[in-house]
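In: Task: produce atomic coordinates for the following.
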Amino acid sequence: MKSTIALAAIVFLAGLAAPVWATPPDSIALSIDSTSFLSVEIHHPVRQLGSAHYIGQVTVALNGKTIITQDFKSQSSLEWQYVYYRVIDAREGDKITVTAACSLTGKMSETLVVPALSGG
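Out: Numbering: from 1, shown residues only. Have a look, this model is predicted:
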């Protein structure tokens, strides 16, 4: 009985500590090409693929209006989450803001001002 209570206490305390191990993304790199493909590279180190710690959601806003929300159940690699979107309405001078949220705690946003896009 005592060992069951001790085990339950350890599991409970480990659950409380899990968010401490969780980290928000370290960085987000954004680029857009002449065909309006937005490349998003999110640096977010995790200990193990398939665990409960990963980039859980990415949102893309164009000039302050959310145009894309994507939920994830895993991360691309132990270090990175890569996503690519076609933002057909992006024009020179528009602001694209990408927000990446950790599945456990924390988020980060980065904004790109769209340069002149030729050929798209």
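In: Could you use CA atoms for every contact and neighbour count after this?
Out: Noted.
In: Residue ranges in the chain under the pLDDT threshold?
Out: Scanning the chain with the threshold set as pLDDT under 70 gives 1-21, 119-120.
In: Dead centre of it: give me the residue that sits there.
Out: Centroid check for the chain by CA atoms, centre = their mean gives residue 100 as the closest residue, at 2.9 Å.
In: isn't that one right next to residue 59, touching?
Out: Yes. Assessed by CA atoms under 8 Å, residue 100 is found in contact with residue 59 at 6.7 Å.
In: rewinding a little: which element follows the helix or strand containing the residue nearest to the centre of the chain toward the C-terminus?
Out: Using DSSP states H and E, the element containing residue 100 is strand 95-102. Remark: after strand 95-102, the chain's next helix or strand is strand 107-113, criterion DSSP H and E.
In: Are there helices or strands packed against that next one, and which ones?
Out: The helices and strands touching strand 107-113, judged by 3 or more CA pairs under 8 Å, 6 or more residues apart in numbering; DSSP states H and E, are strand 27-32, strand 95-102.
In: If we go by neighbour counts, what in it is buried?
Out: For strand 107-113, a neighbour-count test (16 or more other CA atoms under 10 Å) marks 107-108, 111-113 as buried.
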